[in-house]
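Participant: Structure for this input, please:
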Amino acid sequence: MEKKKAAGGGSPQVVILADDLTGALDTGVKFACEGTRVRVGLFEDPNAYAPDASVWVLDAETRHLSPGEAYDRTFRLARRAAEQGAQHLYIKTDSALRGNVAAAVLAGLAAMECGFAAFAPAYPDLGRVTRSGVQLTDGLPVQLSGYGRDPLNPVRLSRVKELFAAWDVSVQEVPVGARLEEIPAGKTVAVFDAETNEDLQAIAGYLREMDLLRVTAGCAGFAQALGPFLGAGGPKHAVPGADGPLLVLCGSLHPASHAQLAYGERRSFVRRTCPLSVLAEDPCLAGSALRAWLVELRVHLGAGRSVLLDTGRPGEAVRGPGAESGEKVAERLGKLLLLLLALPEAENHTPLVIGGDTLEGFVRLLKAPGICLEGEALPGVAAFTLRVGDRRLRMLSKSGGMGGEALLDSLAGGTDQDKGG
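Facilitator: Numbering: from 1, shown residues only. So this is what the prediction gives:
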């Protein structure tokens, strides 16, 4: 089939399909380096297929779909990428195996008319490793970790191969340092063990040697190893964390995120819970109850304090009119962030959004946000710019389970402790 070029004559070297927006960003930044332009878009945005970028990253938003819906959407997006001339497809999966992993990988294979996918889900920098085919986080099988206790989307499987049990595909488990049992002739997914970045680099080199880089899958860790072999890697430039105090909006219920918020609170950051019930009753964000809640926040913002906003602690019941669906919660939190960013007191704050659904809810409110990746402020923390109204805003984002407890303090440079209070 003759491959078409993107509008304007451009053609992507690499297309990345992610299942949520924070995943799209933290994987895309692995390719953001000198000489490589990376553009990020939502799956339904026709401008996401940017002719001026060699790496396209699309947020497919498939994590909460049914397997069939996730397959169909991924196939459609990957097929368009192939028609636009993409040389390589990377299926970004969650490092804790959340979402529709098997559906996305197999849809990518079908769309690219390829019979083999290399899947390396490890992310050693964040304590996620694959050992004997089992995904571990900080030494625990993921289903026994905090991801297995997620109140909305608990992880039920830790053995990667079992994700593909309901699909017509052969799965090979490949230990560290081993090679494939044989060059696959039929539809095959090879699951590679990896416990270090050097393991991932060795896998990428082996796949290049065997000419098996057409379809690959994994999280940001494997993406970083693949960059040089896909012709889209290069020297990384330093990216700062916060330009000023932080304005953090956390929609994640993962214990790691709330440990970070608690640590920040101990470091004298201001922490408050978002009034989801008020947001539900006041969708236009114009009522007196919300205005009263904002008065205190404006004082702290005006004093240059870092402000941390969450939606409740892990284990608390996620019920009530403000939580009838994750999509509604994300939409309301997005509106709240947009309102806060319009405050003059927040002008010098750097927004940090924790949780892919929350970030996606915010970005959907913007018309043509034009997301451009800068790089990685810390492992798992993407720095990017987008258009908000008539200005270009610098933001940070991360997935819920990413990073150690001192992450927020590190991003802010430890300045808030001196402000006291």
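Participant: so who does residue 169 touch?
Facilitator: By Cβ atoms under 8 Å, 6 or more residues apart in numbering, the contact list for residue 169 reads 102, 106, 187-189. In this view, the C-beta of every residue, glycine as well, is placed from N, C-alpha and C.
Participant: rerun at 6 Å
Facilitator: 187, 189 (Cβ atoms under 6 Å, 6 or more residues apart in numbering).
Participant: cool, residue 257 as well?
Facilitator: Contacts of residue 257 by Cβ under 6 Å, 6+ apart are 250, 354, 400.
Participant: Roughly how far does the nearest residue to residue 406 once chain neighbours are set aside sit from residue 405?
Facilitator: In this structure, residue 406 finds its nearest non-sequential neighbour in residue 263, 5.8 Å apart by Cβ to Cβ, 6 or more residues apart in numbering. According to Cβ to Cβ, to the nearest Å, residue 263 stands 4 Å off from residue 405.
Participant: before we move on, what about residue 120?
Facilitator: From residue 120 to residue 405 the distance is 27 Å (Cβ to Cβ).
Participant: can you check residue 133 too?
Facilitator: Taken as Cβ to Cβ, the span from residue 133 to residue 405 is 30 Å.
Participant: for residue 90, same thing?
Facilitator: Distance from residue 90 to residue 405, by Cβ to Cβ: 30 Å.
Participant: okay, those two: which has more neighbours?
Facilitator: Each of residue 90 and residue 405 has its neighbours counted (other Cβ atoms under 10 Å); residue 90 has more, 29 against 16.
Participant: So that one is in contact with residue 216, correct?
Facilitator: Yes. Residue 90 is in contact with residue 216 according to Cβ atoms under 6 Å; the separation is 5.4 Å.
Participant: residues near the residue nearest to residue 406, how many?
Facilitator: 16.
Participant: Give me the buried positions along the helix or strand in which it is found.
Facilitator: Element membership for residue 263, per DSSP states H and E: helix 255-266. Using 16 or more other Cβ atoms under 10 Å as the test for burial, helix 255-266 gives 255-264.
Participant: Including pLDDT, could those go into a markdown table?
Facilitator: As requested, the buried residues of helix 255-266 are exported to a markdown table (pLDDT from 0 to 100):
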| residue | pLDDT |
| --- | --- |
| 255 | 86 |
| 256 | 88 |
| 257 | 92 |
| 258 | 90 |
| 259 | 94 |
| 260 | 95 |
| 261 | 95 |
| 262 | 94 |
| 263 | 96 |
| 264 | 95 |
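Participant: So which of the contacts of residue 257 wins on neighbours?
Facilitator: In these, the most neighbours by other Cβ under 10 Å go to residue 354, 32 neighbours.
Participant: domains of the protein?
Facilitator: Split into domains by automatic domain parsing, the chain comes to 7-230, 246-419.
Participant: Export the helix holding residue 263 to CSV, keeping only CA atoms.
Facilitator: What follows is helix 255-266 as a C-alpha-only set of coordinates in CSV (Å, rounded to 0.1, in the frame of the first residue of the first chain):
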residue,chain,number,x,y,z
PRO,A,255,-1.4,6.4,47.9
ALA,A,256,1.9,7.6,46.4
SER,A,257,0.3,10.9,45.3
HIS,A,258,-1.2,11.4,48.7
ALA,A,259,2.1,10.6,50.4
GLN,A,260,3.6,13.4,48.3
LEU,A,261,0.8,15.8,49.3
ALA,A,262,1.3,14.8,53.0
TYR,A,263,5.1,15.4,52.7
GLY,A,264,4.5,18.8,51.1
GLU,A,265,2.0,19.7,53.9
ARG,A,266,4.7,18.9,56.4
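Participant: Deepest in the core, which of the domains of the chain is it.
Facilitator: domain 7-230 (a mean of 20; mean count of other Cβ atoms under 10 Å).
Participant: per-residue confidence averaged over it?
Facilitator: Per-residue pLDDT values over domain 7-230 give a mean of 90.
Participant: chain center to that domain, what's the gap?
Facilitator: Distance of domain 7-230 from its chain centroid, counting by Cα atoms, centre = their mean, to the nearest Å, is 12 Å.
Participant: Quick check: residue 111 touching residue 75?
Facilitator: Yes. Here residue 111 reaches residue 75: they are 4.9 Å apart, a contact under Cβ under 6 Å.
Participant: re the thing from before, keep only those of the contacts of residue 257 that are in strands.
Facilitator: When DSSP state E is applied, these are split such that 250, 354 fall in strands.
Participant: Closest one to residue 153 out of the contacts of residue 257, please.
Facilitator: residue 400 (10.6 Å; Cβ to Cβ).
Participant: Pop out the phi and psi values for the closest one.
Facilitator: phi -60, psi -40 (degrees, to the nearest 10).
Participant: May I see the contacts of residue 257 arranged in TSV, with distance to residue 303 and pLDDT as well?
Facilitator: Compiled in TSV, these are given as follows (distance: Cβ to Cβ, whole Å; pLDDT from 0 to 100):
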residue	distance to residue 303	pLDDT
250	21	93
354	23	94
400	28	87
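Participant: can you pull the contacts of the residue lying farthest from the centre of the chain?
Facilitator: Ranked by distance from the centre of the chain (Cα atoms, centre = their mean), the top residue is residue 288, with 35.1 Å. With contacts defined as Cβ under 6 Å, 6+ apart, residue 288 has no neighbours.
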